[in-house]
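1. Here's my sequence, what's the structure:
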Amino acid sequence: MISNTGNTMQLTLFATDLPNVAGRFKGTSDPFAIITVLPDGYESGNKGETLGVTETVKNDLNPTWTKCFNIHYEMGKLKLINIGIFDEVKKATSNTPMGSAAFEIGDILGAKGNIRAKRLRQGGILYAKVRNAPRNDGDLYIQLRGFKLKNVDPGFFSTGKSDPYFEISRLEESDSTGWTPVARSKRIPHTLNPRWKPTEIALDRLCDNDRNRAVRITVLDHERNGKHQFIGSVEATVNTLLAAVTFANDAQKDVDMTSALELKDGNGRFAGSLVVTDAFVNGDDPGSSTRIDGLRLQMSARGLKNVDKGVLGMGKSDPFYVISSRHGNKWGKVMASEHISNNLNPRWNSSRVRLDKLCNHNREAPIQIEVFDYEKDGRHKLIGRAETSVQVLLILAGATNRLNDESRGIDLVGVTGKVNGKLMIDDAEISVGGVSLNAGMEDIERSLRNLMPGEKKSIPSNQATRSRRPSFVEYISGGCQVNLCVAIDFSSANGNPRDEGTLHYVHSDGSYNDYETAIASVGSIIAKYDSDNEFPVWGFSARHNGEMQNCFQVGEEAIGLKGVIRSYRSVFNTDLAMSGPTVIHEVIKVAASQAKTAQKIAEKEEGQAYTILLILTCGHIHEMEETKKALIAASLSPLSVVIVGIGDAEFRAMQFLDDLNVKPPARDITQFVEFQKHKHSKHSLASATLEEIPDQLVDYFHGKGIPPLSVSSTKFSDVKPQEYNKEQDYDLMYDMADDGSMTLSLLT
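-> Just a heads-up that it's a prediction; the model follows:
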C-alpha cells in the first residue's frame, strides 16, 4: 500500500480596504496577521495552534505581507486555518483587532489560481493563496545602499528629505497581478543616501529558483498616512545582483559606482542609484559558474594604542579596519568595517568578503589588515597593520579554544615599527555555496606548531540529488480536474429499503443513512477539485427498467453533492427491484472508458483530468476473476477505484482486491475501506478512502511523462469573495508573553 504523506503548502496573504482602527489623529493602522491552525473544525471555542505571525506593514490598509508560511496538507484531511488581522499598537497592552476569517486549505487549492477571498466583519477583504512549497535552491542574502535618491518629500520649506525603504518583488507569471513583494526593508528616516540592513530571501519565493528570471527592486518614500510615494525602480535578476556586488561599508565615502543599479521614476528619468554592497546565495552548487565564494569573518582587537586622546587627554580612538588585497606591488582596498566609538578593545560585527576580490580564491595569497582611528574629516589615523592570509585566519579561528589570547592574536605594527595591539580572529569560515570549509584539524595541528599555511581543503562535491517526480499538489495547482463517479450497490443483500434499520432505508427526518454519509464524506473532498461539480451516479446488481443490470444510470447526472443524494433517493420511486449477485466489473469498465474520454477532451483544451470511481457495496463480490482483469485494464486509464464496504458483512474479498499485486505498466489503483471502522467521523472516513489517491494520480501522469501544467491565470479582482460567516470567522485574541509565547482566547 502506498502511503500518502501529503504535501507542504506555502501560504501567502494580502488584504484590501481594511478598516482604519488607529483612532482619530493617530494616522493609519499598521496591520499584521496571525495564522492559527484549527485541528478540530469550526466549533466555537476551538482555539487551535498558532502557525506564525506576519511582519507588520506600517501605515497600510492594503497590505501585502511578504512572509509566507509552510503548512502540511493531505487530501481527505480537513485543514482549517483562522487568520486574524490586528493593528499593531506598541504602547498598548494589546493590539486592536481588524478582522478575522477562516479558510480550508483544500478549498484554496481547488480554487482557480489557488486563491480564495473572504469579506471581513469590520470591512475589507482578506485573500489567501497557496502553492506547492517548491524545493529551495538557497537563500539570497543581499545588502543595498542608496545614493542620491530623488527627494519626493521636500516638506513645506524644502528642507525635508524622503524616508526611503525598498521592496523586492517577484514576477507573477500565473496571474495578472504583475509583481508581488516578497521582501521589504525598514524605512531609513530623512536621508537620500540610505544604508539598509541585509535582507535574506528564499530563491523559490523570489524567482522559483530561476536566477535569470526578472525581479524588481522598488524604492519608496514612507508616509504615515499609508500613501507611500514612489521614488524609482529597477529590474534585475539574481545573477546580475550577484555580479553587481561592490563593497561599500560605513567607513567608505568614495564608492565605485561602476556596477550600481540606476533607479527610474515614473517618467523614466534617473531617480538615484542602488549599490549592492553584498550578495551571495547560500546553498549554491560548489561547481556552479555563478557561485561567489565568501569569507565570513569576525574580528576584535586587544590593547590598541590610543592615537586620539582628545583636547583634555580623556578621549579614545574610534577603531575600524580595512582589508586589502595585493595587486603587484600595491595594495587595493577590498572592504572596511564599521567604526567602534571610544574603544581600545573593539569587537566588530561579522562581515563577509568575496574571495574572488580578496585573494582570487587562493587562500595562501597575502592580504593586509589595517586598523585606523576614524575621523569625521576622513583623515583617519593608522593604529597598526598586519600582513597575513585567508588560510592563517581560518587556522587561528579554528584554534580559538586551543590557544591562549596571546598566541592566537596577530600583531598590529604601527608606523614606527612598534606593536600597537593585537588583532583577534574570533570566527572565520569560507562559504562555498552554503558549504562551510573551515581549516581542518590536520591544518590546525600542523599550524599550531609553525603557524604556517597548511594544505588547501578540497571542495566537497554536492552529493544531494533531487527527485524530479512532481507532487499531487502541483497537478491540482495546474488545473487538473478530479472527476467523481459514484456506483451504488442495489443488491437484495441490502435489505428492503422501506424497512427501518436496513442499509438503504431513507430517513424521514432527512438524516443520512450509511450510503449517504459515505457519499457526502468522500464527495465533499473531491468536489473541491471538480469545477463543474457534475457527478454521474450509477447503480448495479438490480433489476431496472425490466431487466437485470450491473451498470445503470441513477436519476439524471447530478449537480453537486445534494444532487447526488437526490438522484440516489429518487431511484426508490422507480421500478427498481433489488436483486443480485454483486458484480462490479461492469461499472469499473464504464468508469475507465469515461476517464479516458475526459482526459482526451481535457488534452484538447490544454488541460488534464483524472477520475475517481467510488463504489459503495454491502456484500461479497462475485465474478472475482473478471473484476481483477477489469481493475488491471482500468489501471492504464487515469482512474482510481475506491471501494467502501457498507454494513457488517465479511469483506475479506475486498481486501484481496486492495492488495492485488500488479506488474508494470499496470498500476495499483484500488483502495478498500470498511465504513463501520470510520462511522464515528466523516473526516476519518474521507481521509482513509482518499489516502492513496494523490500518489495514484501522480503515478499515472508521471508514468506517461505528462508534467503538471502551469498555475491557471487569475486576476485577484476576478476572485469573488465569500461572505463573512459568524459561525466560522470568529475572532481570536492573542496575548503575547515576555518569552514570545502566545495565549489564545475568543474575542467576546
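2. out of everything not next to it in sequence, what's closest to residue 656?
-> residue 624 (7.8 Å; CB to CB, 6 or more residues apart in numbering). Where you see a C-beta, it was placed from the backbone N, CA and C, and this is true even at glycine.
3. can you tell me how far the one you found sits from residue 653?
-> Residue 624 sits 6 Å away from residue 653, going by CB to CB, to the nearest Å.
4. Same check on residue 499?
-> 26 Å.
5. between the two, who's got more neighbours?
-> The neighbour comparison of residue 499 against residue 653 (other CB atoms under 10 Å) goes to residue 653, with 16 against 9.
6. Secondary structure class of the more buried one, three-state.
-> helix (DSSP: H, G, I helix; E, B strand; the rest coil).
7. Would you mind confirming that it makes contact with residue 617?
-> No - in this structure residue 653 lies outside contact range of residue 617 using CB atoms under 8 Å: 10.6 Å.
8. Name the single longest helix found in the chain.
-> helix 585-604 (DSSP state H).
9. Need the pLDDT of the residue nearest to residue 242 when sequence neighbours are not counted.
-> Computed as CB to CB, 6+ apart, the closest residue to residue 242 that is not its neighbour in sequence is residue 279, at 5.2 Å. Looking at residue 279, its pLDDT is 83.
10. residue contacts, residue 279?
-> By CB atoms under 8 Å, 6 or more residues apart in numbering, the residues touching residue 279 are 140-143, 241-242, 244-245, 292.
11. want to try CSV for those residues, with distance to residue 645, secondary structure and neighbour count as columns?
-> Output for the contacts of residue 279, formatted as CSV (distance: CB to CB, whole Å; DSSP: H, G, I helix; E, B strand; the rest coil; neighbours: other CB atoms under 10 Å):
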residue, distance to residue 645, secondary structure, neighbour count
140, 53, strand, 24
141, 56, strand, 17
142, 58, strand, 25
143, 62, strand, 21
241, 59, helix, 23
242, 59, helix, 21
244, 65, coil, 18
245, 65, strand, 22
292, 61, coil, 21
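12. Now do the helices in the stretch 551-700 of the chain.
-> 560-570, 585-604, 624-634, 652-658, 682-689, 693-703 (DSSP state H, counting those that start in this stretch).
13. orientation of the second one relative to helix 693-703 in degrees?
-> What it means is helix 585-604. 60 degrees (axes from the mean of the first three to the mean of the last three CA atoms, to 10 degrees).
14. pLDDT on helix 585-604, on average?
-> Rounded mean pLDDT across helix 585-604 is 96.
15. contacts for that helix?
-> For helix 585-604, with CB under 8 Å, 6+ apart as the criterion, the contacting residues are 481, 483, 485, 487, 536, 538, 540, 550-551, 608-611, 613, 615, 623, 626-627, 629-631, 633-634, 637-639, 641.
16. swap in the fourth one?
-> Outside of helix 652-658, the residues within contact range by CB under 8 Å, 6+ apart are 1, 617, 620-621, 624, 627-628, 631, 643, 645, 670-672.
17. Name the nearest of the residues you listed relative to residue 332.
-> residue 1 (65.0 Å; CB to CB).
18. still on that earlier bit, now render the helices of the stretch 551-700 of the chain as CSV, adding distance to residue 84.
-> Compiled in CSV, the helices of the stretch 551-700 of the chain are given as follows (distance: least, CB to CB, whole Å):
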stretch, distance to residue 84
helix 560-570, 31
helix 585-604, 39
helix 624-634, 47
helix 652-658, 43
helix 682-689, 24
helix 693-703, 31
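19. what comes up buried for stretch 91-103?
-> Within stretch 91-103, the residues scored as buried using 16 or more other CB atoms under 10 Å are 95-103.
20. er, stretch 101-110 actually
-> 101-106, 108-110.
21. on that earlier part again, okay if I get the buried residues of stretch 91-103 as CSV plus pLDDT and secondary structure?
-> Below are the buried residues of stretch 91-103 laid out as CSV (pLDDT from 0 to 100; DSSP: H, G, I helix; E, B strand; the rest coil):
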residue, pLDDT, secondary structure
95, 87, coil
96, 90, strand
97, 91, strand
98, 93, strand
99, 92, strand
100, 92, strand
101, 93, strand
102, 92, strand
103, 94, strand
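22. quick check, nearest of those to residue 410?
-> Distances from residue 410 to the buried residues of stretch 91-103, taken by CB to CB, are shortest for residue 95, at 50.5 Å.
23. residue contacts, the residue lying closest to that closest one once chain neighbours are set aside?
-> Residue nearest to residue 95 in three dimensions, not counting chain neighbours: residue 86, with 4.0 Å by CB to CB, 6+ apart. By CB under 8 Å, 6+ apart, the contact list for residue 86 reads 31-34, 95-98, 734.
24. did I read that right, residue 86 in a helix?
-> No - under the criterion used here (three-state DSSP), residue 86 is strand, not part of a helix.
25. Tell me the spacing between residue 187 and residue 213.
-> Taking CB to CB, one finds residue 187 at 28 Å from residue 213.
26. For these two, indicate the residue with more neighbours.
-> A count of neighbours by other CB under 10 Å puts residue 187 above the other of residue 187 and residue 213, at 21 against 16.
27. Is it correct that the more buried one is in contact with residue 161?
-> No - here residue 187 does not reach residue 161: they are 11.7 Å apart, not a contact under CB under 8 Å.
28. and residue 277, what element?
-> Using DSSP states H and E, residue 277 sits in strand 270-282.
29. what comes up buried for that strand?
-> In strand 270-282, counting by 16+ other CB under 10 Å, buried: 271-282.
30. give the contact list for residue 380.
-> Residues near residue 380 by CB under 8 Å, 6+ apart: 251, 320, 372-374.
31. Reformat those residues into JSON lines and put distance to residue 391 and secondary structure next to each item.
-> Shown next, in JSON lines, are the contacts of residue 380 (distance: CB to CB, whole Å; DSSP: H, G, I helix; E, B strand; the rest coil):
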{"residue": "251", "distance to residue 391": "26", "secondary structure": "coil"}
{"residue": "320", "distance to residue 391": "24", "secondary structure": "strand"}
{"residue": "372", "distance to residue 391": "25", "secondary structure": "strand"}
{"residue": "373", "distance to residue 391": "29", "secondary structure": "strand"}
{"residue": "374", "distance to residue 391": "29", "secondary structure": "coil"}
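32. which one among those gets closest to residue 725?
-> Looking across the contacts of residue 380 and measuring by CB to CB, the closest to residue 725 is residue 251, at 58.2 Å.
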